[in-house]
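Asks: Prediction below, plus the sequence it came from.
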Protein chains: 2
Amino acid sequence: MKQETRKDEIINTAAKLFKEKGYSAVTMRDLATAMGIKAASLYNHINSKQDILKAIIISIAEEFTNGMETIIQSQDSSISKLKSVVTLHVNITANNTNGMASLNNDWMHLEDQLNYYLQLRNDYEANFLNIIKEGVSSLEIKDSNPEIIMFSMLTTLRSLYLWIPKKEDLKSNDLADNLSEVLIEGINK
Amino acid sequence: MKQETRKDEIINTAAKLFKEKGYSAVTMRDLATAMGIKAASLYNHINSKQDILKAIIISIAEEFTNGMETIIQSQDSSISKLKSVVTLHVNITANNTNGMASLNNDWMHLEDQLNYYLQLRNDYEANFLNIIKEGVSSLEIKDSNPEIIMFSMLTTLRSLYLWIPKKEDLKSNDLADNLSEVLIEGINK
DNA sequence: AAACGAAACTAACAATTGTTAGTTTGTTGT
DNA sequence: ACAACAAACTAACAATTGTTAGTTTCGTTT
């Protein structure tokens, strides 16, 4: 663990506030109050409000990109790859619940980095969809509409940030296993 | 179809803008420009920005409450009830895609009506969970964690507003059927 | 023609926004 | 004791916010 700088504290506090009210509704004075300082003091550590959002979102988006890269390069079966994707989401979300809220809800308020973010997201979804299509080809996965399958899985995974904090008792591994079971095997007996 | 009043036009336009940038980031001047008038003119038709949000969210929330009421009073099997819930979400979302975005993302900016909204949502989720638990009891549904099942289904259904506009070709009935299949039967062959 | 009402307008307001400039405080290493 | 530096402060700014007051426009009804 690297030691947390004052800048990191600000970014983490901001992520928490952004989760509660969204980027636009959080003022620099709100953030300063939460830090126990005055708004102007924040600028000793950060360049702008926008820079905070950028720091929160882009780092997580790149984590997903890197994780997906590893998964598609593996020689696992499609089902096994999908389970890895579930684990990837559970792990990243468990490590940065608040940041995931910004990624999900405030990405459209990115300015300079918006196109870069969208490119990462599009690539990620294309890779996700490919895993499913390969699974259909290799007869591992039912021949349903692959986009519906991806949509269903991805939206569930994207909403984990809302759910993980309520279930602290449930270990990450257990959650990933249970989720994989529900998403892949279904619920019908 | 009742004929659309000017007030309705404003509310619908607002819902569209709220979907794109969120309630807090949309100004009354943005809304006025989208309507082709000046900001002050909006107040001939609505009382406040907050009232617009209220009008969007509460009516949809009550639609869900009423729909759920009908479902739990039926004598259908648990699986059949779940399929009805899927259909309920698909229909309401298809009818008011933009409003669903506000319901999902901007409910926390409700002021006077926040507690009422939260009560409706809690009751809805409790009913949803009960259907699943009854299905487990009656051996219709696998004995997985019922909360994980609900979480997975509900977050997928809540995200439909993002997805339906992209798939105009897919008919509502087909979408509901496909989604039920994926959510209930799983994807594993 | 007169009156009415719906719906737009101009002009302004008080409050809040993100941010900057310049200054003070307190700790740390020499 | 002193210099250096990180990190806080006060005070202010220009722009933007939701909203109000009062007025004008114009088609419909009397």
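Replies: Happy to help now that I have it.

Asks: now the nearest residue to residue A:186 once chain neighbours are set aside: how far from residue B:141?
Replies: Nearest residue to residue A:186, sequence neighbours excluded (Cβ to Cβ, 6 or more residues apart in numbering or on different chains): residue B:186, at 2.4 Å. C-beta: built from backbone N, CA, C; applies to glycine. For residue B:186, the distance to residue B:141 equals 12 Å [Cβ to Cβ, to the nearest Å].

Asks: Now for those two: what residues contact both?
Replies: Residues touching both residue B:186 and residue B:141 (Cβ atoms under 8 Å, 6 or more residues apart in numbering or on different chains) are A:187, A:188.

Asks: Show me where chain A has its helices.
Replies: A:6-21, A:28-35, A:39-42, A:49-73, A:78-95, A:97-105, A:114-137, A:146-158, A:160-163, A:172-180 (DSSP state H).

Asks: Residue B:9: which of the ones you listed is closest?
Replies: helix A:97-105 (27.1 Å; Cβ to Cβ).

Asks: Counting by contacts, list what that closest one packs against.
Replies: Secondary-structure packing of helix A:97-105 (3 or more Cβ pairs under 8 Å, 6 or more residues apart in numbering or on different chains; DSSP states H and E): helix A:6-21, helix A:49-73, helix A:160-163.

Asks: residues contacting whatever residue of chain A ends up closest to chain B?
Replies: Residue nearest to chain B within chain A (Cβ to the nearest Cβ): residue A:186, separated by 2.4 Å. Residues near residue A:186 by Cβ under 8 Å, 6+ apart: B:142, B:182, B:183, B:184, B:185, B:186, B:187, B:188.

Asks: Likewise for residue A:30?
Replies: Neighbours of residue A:30 in contact, by Cβ under 8 Å, 6+ apart: residue A:17.

Asks: Pull up the gap between it and residue A:177, please.
Replies: 39 Å.

Asks: what about the helix or strand of chain A with the lowest mean pLDDT and chain B, touching?
Replies: Ranked by mean pLDDT, DSSP states H and E, the weakest helix or strand in chain A is helix A:172-180, scoring a mean of 89. Yes - Helix A:172-180 reaches chain B (Cβ under 8 Å from any Cβ of the partner chain) through A:175, A:178, A:179.

Asks: Might you list the low-confidence residue ranges for chain A?
Replies: A:1-3 (pLDDT under 70).

Asks: Give me every residue in it lying close to DNA strand C.
Replies: A:26, A:27, A:28, A:29, A:39, A:40, A:42, A:43, A:47, A:48, A:49, A:50 (Cβ under 7 Å from any atom of the strand).

Asks: Whichever of these end up buried, select them in ChimeraX.
Replies: This is how ChimeraX selects the buried members of the residues of chain A next to DNA strand C, with burial counted by 16 or more other Cβ atoms under 10 Å in any protein chain shown:
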select /A:26,28,42,49
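
Asks: Near DNA strand D, which residues of chain A are found?
Replies: Residues of chain A lying near DNA strand D (Cβ under 7 Å from any atom of the strand): A:5, A:6, A:32, A:37, A:38, A:39, A:40, A:41, A:44, A:45.

Asks: Would you mind measuring from the first one to residue A:58?
Replies: When distance is defined by Cβ to Cβ, residue A:5 is 18 Å away from residue A:58.

Asks: Out of those two, name the residue with the larger neighbour count.
Replies: residue A:58 (17 against 10; other Cβ atoms under 10 Å in any protein chain shown).

Asks: give the contact list for residue A:50.
Replies: A:110, A:111, A:112.

Asks: make it 10 Å
Replies: Residue A:50 is in contact with A:23, A:109, A:110, A:111, A:112, A:113, counting by Cβ atoms under 10 Å, 6 or more residues apart in numbering or on different chains.

Asks: With residue A:72 instead?
Replies: Residue A:72 touches A:81, A:84, A:85, A:127, A:128, A:130, A:131, A:134, counting by Cβ under 10 Å, 6+ apart.

Asks: Now the phi/psi pair for residue A:168, please.
Replies: Main-chain dihedrals, residue A:168, degrees, to the nearest 10: phi -60, psi -30.

Asks: Confirm for me that residue A:6 is in contact with residue A:35.
Replies: Yes - under the criterion of Cβ atoms under 10 Å, residue A:6 makes contact with residue A:35 at 9.0 Å.

Asks: Looking at these two now, which is surrounded by more residues?
Replies: residue A:35 (17 against 14).

Asks: The more buried one reaches residue A:42, doesn't it?
Replies: Yes - look at residue A:35 against residue A:42 with Cβ under 10 Å: they come within range, at 7.3 Å.

Asks: Touching both of the two, which residues are there?
Replies: A:6, A:10, A:13, A:14.

Asks: mind checking how far the first one is from DNA strand C?
Replies: Taking Cβ to the nearest atom of the strand, to the nearest Å as the measure, residue A:6 and DNA strand C are separated by 13 Å.

Asks: again with residue A:186
Replies: 45 Å.

Asks: and that residue, backbone torsions?
Replies: phi 80, psi -180.

Asks: Check the spacing between it and residue A:179 real quick.
Replies: 13 Å.

Asks: Identify the contacts common to these two.
Replies: residue B:144.

Asks: Could I have the ChimeraX command that selects the buried members from the shared contacts of residue A:35 and residue A:42?
Replies: Of the shared contacts of residue A:35 and residue A:42, the buried ones can be selected in ChimeraX as follows, counting by 16+ other Cβ under 10 Å:
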select /A:10,13,14
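
Asks: Dump the shared contacts of residue A:35 and residue A:42 to JSON lines, plus distance to residue A:166.
Replies: What follows is these, written out as JSON lines (distance: Cβ to Cβ, whole Å):
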{"residue": "A:6", "distance to residue A:166": "30"}
{"residue": "A:10", "distance to residue A:166": "26"}
{"residue": "A:13", "distance to residue A:166": "21"}
{"residue": "A:14", "distance to residue A:166": "22"}
